[in-house]
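K.L.:
3D model of this:
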Amino acid sequence: MTEWVLLALRLSLPGQPPCVIKQLLPKVSDPSVLAKVRSRFQLEAQMLAKLGNHSQIPMLLDYFVAEGEFYLVQEYVRGVHLVKLVRRCGCLSEKALKSFLNNILPLLDFIHNNGVIHRDIKPQNIICCQDDGRLVLIDFGAVKEVIAQTKDTSDSTTTTHFVGTVGFAPPEQFSLRPTFGSDIFALGVTCLYLLTGKAPLEFSTNPQTGELKWADAVELSDSLAEILGKMLKVSVNKRYKSARAILAALELEPHRTQLANCMVANHQPISDKAGINQEERNLSEFCPPAAKAAITIREWKQRRRRKQQGYHNHIVPSLS
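P.N.:
Numbering: from 1, shown residues only. So this is what the prediction gives:
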């Protein structure tokens, strides 16, 4: 399939506002196949029109088929995509990355709740609108997949095509089995780019697992690194199941950091507790019940570990 993108003017409207015309050219000539593709194209275009009611998705203005070629006419969004933004302003801080995720994840949740997989999330397909700074997601892969997956009667096999971008697409997408989790992986790789300015293929991978080696390239809190790591899991079963689940994890993230700090401040070996000053003792009173329970469990584990170590030191000399 060949795709052309044109910038045009809507001459019939006051001010002649610009619009984007996407011309999709399927590599098939059989009339019966084109009829089937046209039917699916119309269904997918109607879905895009429904999604276009969201303020962070370009509005679909029109769609039509002419002489076996498929056209989408969409709202033109003035702004810059995230690659240009990073080159111009530099990489994002942890705080800015959280803001980005809290901005884009509700949109992804909306898309998935409508049964749509974007298939091509990457920095080039996220535009920062120059008017109000909102993030707009463009270039949905669903319609392109409809046009690409056609069957010509001159061939007995179905032609299947990968839709996505190498480096941003996870393994299941290369196997032509994309899921909502595929978009989550691509969003995770996009986060890596925003943090480092590096394309995904610039990262090495673990030869055994295929996981990207990214941890040493970023400076993140442990809790946010854990969230990003789960988004980037090669196995779709180990990834977050939904955008909403990531939002929930981000909402808990500050409390997890507070809990960890509380545990560090209050949980010391029994032998060291005599050195805790009164201020630290007062701080422990403000720990939530879950933190106190965690401290109790860790103290119990330490006591058991010391007991086992003492047993080991007693037994090993007797065997030698």
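K.L.:
Thought P178 was touching V236, still the case?
P.N.:
No: counting by C-beta atoms under 8 Å, V236 stays clear of P178, with 9.6 Å between them. Placement of C-beta: from N, CA and C, glycine included.
K.L.:
who touches both of these two?
P.N.:
E172 (C-beta atoms under 8 Å, 6 or more residues apart in numbering).
K.L.:
quick one: which of those two has more around it?
P.N.:
Between V236 and P178, counting by other C-beta atoms under 10 Å, P178 is the more crowded of the two (25 against 19).
K.L.:
Tell me the predicted confidence for that one.
P.N.:
Listed pLDDT for P178 reads 93.
K.L.:
wait, doesn't it sit right on I117?
P.N.:
Yes: in this structure, P178 is within contact of I117 by C-beta under 8 Å, at 5.1 Å.
K.L.:
which ones are touching S55?
P.N.:
R134 are the contacts of S55 under C-beta under 8 Å, 6+ apart.
K.L.:
now the one 10 residues further on
P.N.:
For V65, the contacting residues are 38, 41, 71, by C-beta under 8 Å, 6+ apart.
K.L.:
where's the residue most central in space within the chain, which helix or strand?
P.N.:
Centroid-nearest residue in the chain, with C-alpha atoms, centre = their mean: L187, separated by 2.2 Å. Under the criterion of DSSP states H and E, L187 resides in helix 180-196.
K.L.:
tell me what the very next helix or strand once past that helix is packed against?
P.N.:
The element immediately downstream of helix 180-196 (helix or strand, assigned by DSSP H and E) is helix 222-231. In terms of contacts (3 or more C-beta pairs under 8 Å, 6 or more residues apart in numbering; DSSP states H and E), helix 222-231 is packed against helix 94-113, helix 180-196, helix 243-266.
K.L.:
Now render those helices as JSON lines, adding distance to T209.
P.N.:
Output for those, formatted as JSON lines (distance: least, C-beta to C-beta, whole Å):
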{"stretch": "helix 94-113", "distance to T209": "24"}
{"stretch": "helix 180-196", "distance to T209": "14"}
{"stretch": "helix 243-266", "distance to T209": "21"}
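K.L.:
out of these, which comes closest to I127?
P.N.:
helix 94-113 (11.6 Å; C-beta to C-beta).
K.L.:
The closest one to helix 180-196, inter-axis angle?
P.N.:
160 degrees (axes from the mean of the first three to the mean of the last three C-alpha atoms, to 10 degrees).
K.L.:
Give the buried residues for helix 94-113.
P.N.:
Neighbour-count burial for helix 94-113, counted by 16 or more other C-beta atoms under 10 Å, picks out 97-98, 100-101, 104-105, 107-112.
K.L.:
what's the closest of those residues to I121?
P.N.:
L108 (7.9 Å).
K.L.:
show me what contacts the nearest residue to the closest one once chain neighbours are set aside?
P.N.:
Closest residue to L108 apart from its sequence neighbours, by C-beta to C-beta, 6 or more residues apart in numbering: A243 at 4.1 Å. Shown in contact with A243 (C-beta under 8 Å, 6+ apart): 105-106, 108-109, 112, 180, 183-184.
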